[in-house]
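J.: using only what follows, build the 3D model:
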Amino acid sequence: MKAPRHSLFHAMAAALLFVQAGCGAAQLGTCAPHTKEEGTPTLNWTECFEAPFEHAGITHSVYCLNDGTSKPPVLLLHELTGLTPGTLAYAEELSRNFTVYVPLLFGEKGKFSLTSGLWAYWFRGLVAFFPGGEWGIPSHGSMPIVEWLRGVVQKIGERHHEQRLGVIGNCMTGPLPVALLNNPQVGAAVVAQPALPMRFWYYTDADKSSLGLSNDDLHPAKESRAKIYALRFETDCISDRAKLQTLRDQFGDRFLNGEIPATAYQAEGKPTNAHSTLIGSWKKIEETGQPSRDARARVLNFLLAELDGSPQNRSVTHRSVTQP
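T.: Purely as a prediction, here's the structure:
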């Protein structure tokens, strides 16, 4: 009985949030895609570490297939909508080539949890105003959730001796792979439609270009040699193009631009609310899902090359990635 009551409270709180919405929250609702997520997981995703993982005072579950460690590890971070069926289905697709780890940052496994995401980002830090809790950006140091993820990366690294690790972030978690580049074992970062910071009231030009990370996160990332492959839909009004420019400015030749042009997904030039490049817009058959299917293929190619370590493979992959 506790879980339904908790979910109802989240739903009521989120409804109140949008009724009272400031400009930022209203933009989030207006820009949200209107497509239905596809994908159904078929495999058994269980706790990787026998119990929810605790680090830096935070505890969350991390799921995997527990099918060995022979394949390179990939850490897949879910979107604002939570660890949805579509996310787990994408994890299964990746598991053909990688050992995939999927943390549950909020909500319930296998459930669409938008209200839980909004609650985690905006409401948990109510006392310190928005945002706070695990997602608040301190003046020095890193967000608490970043510190927890660093513990996860270290734990995965202990399992995968001398193997390089790939990290995929999406939407709310989009920029977080950059903050995990402080670990030299992280050999590739995928930044998909980065949406941080998410403002409740309004977005300044600085917010639009920001990655929602502290300078303390960016400095060690610059010291890394890992490539960063960034994706967004050209007309996405949640993840501003200026964020990709920031990545280019910060990381130079290590930045690979995977922006999807509007001509690839807009039917007859009609405006489309497209946001989720790898998960929410993916369709198994429909023509409208082709850009997302192509994006998944490029991400797969990128990760295989970067985590394999073959110079020849890396050259081929980078030629296949769209450069601005």
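J.: going by C-alpha atoms from here, please, whenever you check contacts or count neighbours.
T.: OK.
J.: could you pull out the helices for the stretch 201-324 of the chain?
T.: 205-209, 215-223, 241-251, 290-308, 311-320 (DSSP state H, counting those that start in this stretch).
J.: turn those into CSV, including distance to residue 279.
T.: Formatted as CSV, the helices of the stretch 201-324 of the chain follow (distance: least, Cα to Cα, whole Å):
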stretch, distance to residue 279
helix 205-209, 23
helix 215-223, 26
helix 241-251, 19
helix 290-308, 8
helix 311-320, 21
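J.: and the ones you listed, which one is worst for confidence?
T.: Note on these: lowest mean pLDDT is at helix 311-320, with a mean of 36.
J.: where do the strands of the stretch 51-200 of the chain begin and end?
T.: Taking DSSP state E, counting those that start in this stretch as the criterion, the stretch 51-200 of the chain contains strands spanning 53-55, 58-60, 62-64, 73-76, 99-103, 165-170, 186-192.
J.: for the nearest residue to residue 36 once chain neighbours are set aside, grab phi and psi.
T.: Closest residue in space to residue 36, ignoring its immediate chain neighbours: residue 280 at 7.1 Å, by Cα to Cα, 6 or more residues apart in numbering. When read as degrees, to the nearest 10, the backbone of residue 280 gives phi -70, psi -30.
J.: residue 280: neighbouring residues, count only.
T.: 23 (other Cα atoms under 10 Å).
J.: and residue 266, by the same measure?
T.: Residue 266: 15 surrounding residues under other Cα under 10 Å.
J.: before we move on, what about residue 175?
T.: 28.
J.: how near is it to residue 298?
T.: 19 Å (Cα to Cα, to the nearest Å).
J.: kindly state the pLDDT recorded for residue 17?
T.: So residue 17 comes in at 47 (pLDDT).
J.: what of the one 10 residues further on?
T.: Per-residue confidence for residue 27 comes out at a pLDDT of 65.
J.: do the same with residue 14
T.: pLDDT at residue 14 comes out at 50.
J.: just residue 211 next, same as before
T.: For residue 211, the pLDDT comes out at 96.
J.: what sits against it?
T.: Residues near residue 211 by Cα atoms under 8 Å, 6 or more residues apart in numbering: 175, 194-197, 243, 246.
J.: what about 10 Å?
T.: Residues in contact with residue 211 (Cα atoms under 10 Å, 6 or more residues apart in numbering) are 174-176, 178-179, 194-197, 218, 239, 242-244, 246-247.
J.: give me the buried subset of those.
T.: Those of those that meet the buried threshold are 174-176, 178-179, 194-197, 218, 239, 242-244, 246-247, by 16 or more other Cα atoms under 10 Å.
J.: quick check, nearest of those to residue 257?
T.: residue 244 (7.5 Å; Cα to Cα).
J.: give me the beta-bridge partners of the nearest residue to the closest one once chain neighbours are set aside?
T.: Ranked by Cα to Cα, 6+ apart and with sequence neighbours excluded, the top spatial neighbour of residue 244 is residue 230, at 6.9 Å. Here residue 230 sits in beta bridges with residue 191, residue 257, as judged by DSSP bridges.
J.: and residue 230, how many neighbours?
T.: Neighbours around residue 230, by other Cα under 10 Å: 25.
J.: then residue 83?
T.: Residues near residue 83, counting by other Cα under 10 Å, number 24.
J.: how close does it sit to residue 252?
T.: Plainly put, residue 83 is 32 Å away from residue 252 if you go by Cα to Cα.
J.: now swap in residue 217 and tell me
T.: Distance from residue 217 to residue 252, counting by Cα to Cα: 17 Å.
J.: those two: which has the busier surroundings?
T.: Between residue 217 and residue 252, residue 217 has the larger neighbour count (other Cα under 10 Å), namely 21 against 14.
J.: right, and that one touches residue 140 too?
T.: Yes: between residue 217 and residue 140 there is a contact under Cα atoms under 10 Å: 9.3 Å.
J.: in contact with residue 154, which residues?
T.: 148, 160, 183, 185-186.
J.: go with 8 Å
T.: Contact analysis of residue 154 by Cα under 8 Å, 6+ apart lists residue 183.
J.: now do the same for it: its pLDDT.
T.: pLDDT, read off for residue 154, is 98.
J.: show me what contacts residue 95?
T.: Counted by Cα under 8 Å, 6+ apart, residue 95 has zero contacts.
J.: measure it to residue 247 for me?
T.: Residue 95 is 28 Å from residue 247, by Cα to Cα.
J.: can you check residue 307 too?
T.: Distance, residue 307 to residue 247, by Cα to Cα: 21 Å.
J.: check residue 206 too.
T.: Noted for residue 206: a distance of 14 Å to residue 247, by Cα to Cα.
J.: what of residue 42?
T.: Counting by Cα to Cα, the gap from residue 42 to residue 247 is 36 Å.
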